[in-house]
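Enquirer: Quick one, what's the 3D model for this:
(one chain, ligands or ions: 3)
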Amino acid sequence: MTDLIRIRRPDDWHLHLRDGPALADTVAATAAQFHRAIVMPNLVPPVTTGDQADAYKARIMAAAQAAPGSPADSARSAPASLFTPLMTLYLTDTSQPELVRAAFESGQAVACKLYPAGATTNSDSGVTGLERIADVLAVMQDIGMPLLIHGEVTDANIDIFDREQVFIERTLRPLCQRYPQLRVVLEHITTSDAVDFVRSAGPHVAATITAHHLHCNRNHMLAGGIRPHYFCLPILKRSSHQMALREAATSGSPKFFLGTDSAPHAVGAKESACGCAGCYTAPLAMQLYATVFDEMNALDRLEGFASRFGADFYGLPVNEDFITLQRRPWTIPDAMALGAAEIRPLLAGQTLEWTFETDSMEDSNE
Ligand SMILES: NC(=O)N[C@@H](CC(=O)O)C(=O)O
Ligand SMILES: [Zn+2]
Ligand SMILES: [Zn+2]
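Expert: Ligands and ions are numbered 1, 2, ... in the order given. Below you'll find the model as predicted:
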C-alpha cells in the first residue's frame, strides 16, 4: 500500500479567488498547494478587459506577497510568493475581437470565459447568444486562445439536472463544428454525456473536473436533509455520472485535468432561503483528489491529472518543485476565515485519509 505520494506541484485550471478582503485567504489557500491557477473573471463587475485583468492580477499578487509563506512571513514554507495567477476575460455580448486579441498577445489574459447569461453565480453580464460573439470566436480560433465554457443552457423549461447535456447538444456540438480548430475547455463537467463528448472530440477539446463532483453525487446534497454546502453549478448529478467522472479523471487521458472550481460564499449566503451556488475546496483540494485516486487504485495517475495535462493543454512547462501527500487522517475544519466573513468548506468536520504536507522548496533542487 502506498503511504506517501510525491508529485510535481499541481496547478488549478479553474478557480474563483473573489476580490477585496477575501483575497488574502483565498490566495493563501490555493498558493499552499498549487503553483498556477486559471482565475475566473466573474467578479462584480466582471473582468472584461486586459487592463481590468492586469489590475486584478496586481491585487492577487499583493495578497500573495502578504500571505503566510511569503518572504514577509518566513515562519512557514508554503511558496505563496511563487503563486502565478493566469488571467481570463469574461465574454459579453459587446466583447471586441481586436481587444481580445490584444489582451492575449500581450499576455494580459490566457483565455476567455463564456458564461451563458444567467447560468451561474455572477453570470448576468454573460453572452445571450453565440452569434453575438461570432467575430470574437473566429479571432480566438485564429490565435489559439482557449475558450473556457460554463456548459449549461439557461432555458427555464430545461430541468436543472439536464442543462449540461442539453448544452452539449444544442450549443457545444454546433460550436465545435463551426470553429473546428477552436481550443475549448468544458469546465467542471458533471455528466457521462460530457465525458463522452470530450473523449470523441479532437485534442484541442478538453475538460476540467472538480474534486466535489468526484466525491459527491446528488444524494449527498438531498438525502436525509437539504445540505446547502453541497450546492454548486452545474448541480451534482446521480452516482452513475459521478462514476463516469471518476473513470475519466483516473483514465490517464490528457483531455481531463484538475480544476477545483473552488468558489467560496460566506456561510450566511449559502444557508439561506435562496442559497448561493459554489463549494469551497481550495484548502483541501489535493487531499480530496488523492482520496479519489486512491479509491480508484490510480495514485500513479494523479500526477498526470493534477500536474501535467493542464500545463500541456495551455502550452506551459510543468512545475519544477514537488508536493507530498501522506496517508494520515486529517479532519477538515468546521469553519475558516474568508476576510471578515466565515466560510464552511466542503465536507466540513469529516476526516480524509490523506494529509497535505507543507512542502519544502529543497525538493526542486533534487
Ligand atoms: N460553480 C459554482 O457553483 N459557482 C461559481 C460559478 C461557476 O463556476 O459556475 C461561483 O462563482 O460561485
Ligand atoms: Zn461555472
Ligand atoms: Zn467556476
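Enquirer: Would you state the secondary structure element containing residue 152?
Expert: Element membership for residue 152, per DSSP states H and E: none, as it lies in no helix or strand.
Enquirer: Got the phi and psi for it?
Expert: Summarising the backbone geometry of residue 152 under the convention degrees, to the nearest 10, its torsions are phi -140, psi 140.
Enquirer: May I see the buried residues of stretch 87-101?
Expert: 87-92, 95, 97, 99-101 (16 or more other Cβ atoms under 10 Å). The C-beta positions use only the backbone N, C-alpha and C, and glycine is treated the same way.
Enquirer: Relative to the whole chain's centre, how far out is that stretch?
Expert: In terms of Cα atoms, centre = their mean, to the nearest Å, the centre of stretch 87-101 is found 20 Å from the chain centre.
Enquirer: what does stretch 175-194 give?
Expert: Here the centre of mass of C-alpha atoms in stretch 175-194, compared against the chain's by Cα atoms, centre = their mean, lies 16 Å away.
Enquirer: With stretch 203-210 instead?
Expert: 11 Å.
Enquirer: still on that earlier bit, closest one of the buried residues of stretch 87-101 to residue 251?
Expert: Compare each of the buried residues of stretch 87-101 with residue 251 using Cβ to Cβ and the shortest gap goes to residue 88, at 26.6 Å.
Enquirer: quick one: contacts for the closest one?
Expert: Counting by Cβ atoms under 8 Å, 6 or more residues apart in numbering, residue 88 makes contact with 38-41, 47, 53, 109-113, 148.
Enquirer: One more: residue 272?
Expert: Counting by Cβ under 8 Å, 6+ apart, residue 272 makes contact with residue 228.
Enquirer: Just confirm it is within a strand.
Expert: No - when classified by DSSP: H, G, I helix; E, B strand; the rest coil, residue 272 is found to be coil rather than part of a strand.
Enquirer: Dump the buried residues of stretch 87-101 to CSV, plus distance to ligand 1 and secondary structure.
Expert: Listed next are the buried residues of stretch 87-101 as CSV, based on distance: Cβ to the nearest ligand atom, whole Å; DSSP: H, G, I helix; E, B strand; the rest coil:
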residue, distance to ligand 1, secondary structure
87, 16, strand
88, 12, strand
89, 15, strand
90, 11, strand
91, 14, coil
92, 16, coil
95, 19, coil
97, 25, helix
99, 24, helix
100, 21, helix
101, 25, helix
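Enquirer: Which elements pack onto the longest strand anywhere in the chain?
Expert: The strand of greatest length in the chain, counted in residues with DSSP state E as the criterion, is given as strand 322-331. Taking 3 or more Cβ pairs under 8 Å, 6 or more residues apart in numbering; DSSP states H and E as contact, the helices and strands that strand 322-331 lies on are strand 4-8, helix 285-295, strand 351-357.
Enquirer: Check which helices and strands the helix or strand following the first one sits against.
Expert: Yep, that's strand 4-8 we're talking about. Counting by DSSP H and E, the element after strand 4-8 in chain order, helix or strand, is strand 12-15. For strand 12-15, the packing partners by 3+ Cβ pairs under 8 Å, 6+ apart come out as strand 36-39, strand 256-258, helix 309-314.
Enquirer: quick one: contacts of the first one?
Expert: In other words, strand 36-39. Taking contacts as Cβ under 8 Å, 6+ apart, the residues outside strand 36-39 that touch it are 11-17, 30, 56-57, 60, 83-88, 110-111, 148, 259, 316, 319.
Enquirer: Next, give me the two most distant ones among the contacts of residue 88.
Expert: The largest separation in the contacts of residue 88, counting by Cβ to Cβ, is between 53 and 148 at 13.7 Å.
Enquirer: ok, back up a step: tell me which of the helices and strands packed on strand 12-15 lies nearest to residue 326.
Expert: Go through those one by one with Cβ to Cβ and the one that ends up closest to residue 326 is strand 256-258, at 19.4 Å.
Enquirer: distance of residue 251 from residue 342?
Expert: Between residue 251 and residue 342 the distance, using Cβ to Cβ, to the nearest Å, works out to 38 Å.
Enquirer: So the two - more neighbours on which side?
Expert: Regarding residue 251 and residue 342, a neighbour count based on other Cβ atoms under 10 Å identifies residue 251 as having more, with 17 against 13.
Enquirer: how about residue 124, what does it touch?
Expert: Contact partners of residue 124, counting by Cβ under 8 Å, 6+ apart, are 117-118.
Enquirer: pLDDT value on it, please?
Expert: pLDDT, the model's per-residue confidence, is 95 for residue 124.
Enquirer: how about it, secondary structure?
Expert: Residue 124 falls in the coil class when you classify it by three-state DSSP.
Enquirer: any idea how far ligand 2 is from it?
Expert: From residue 124 over to ligand 2 the distance is 14 Å, taken as Cβ to the ion, to the nearest Å.
Enquirer: before we move on, what about residue 358?
Expert: Using Cβ to the ion, one obtains 30 Å as the distance from residue 358 to ligand 2.
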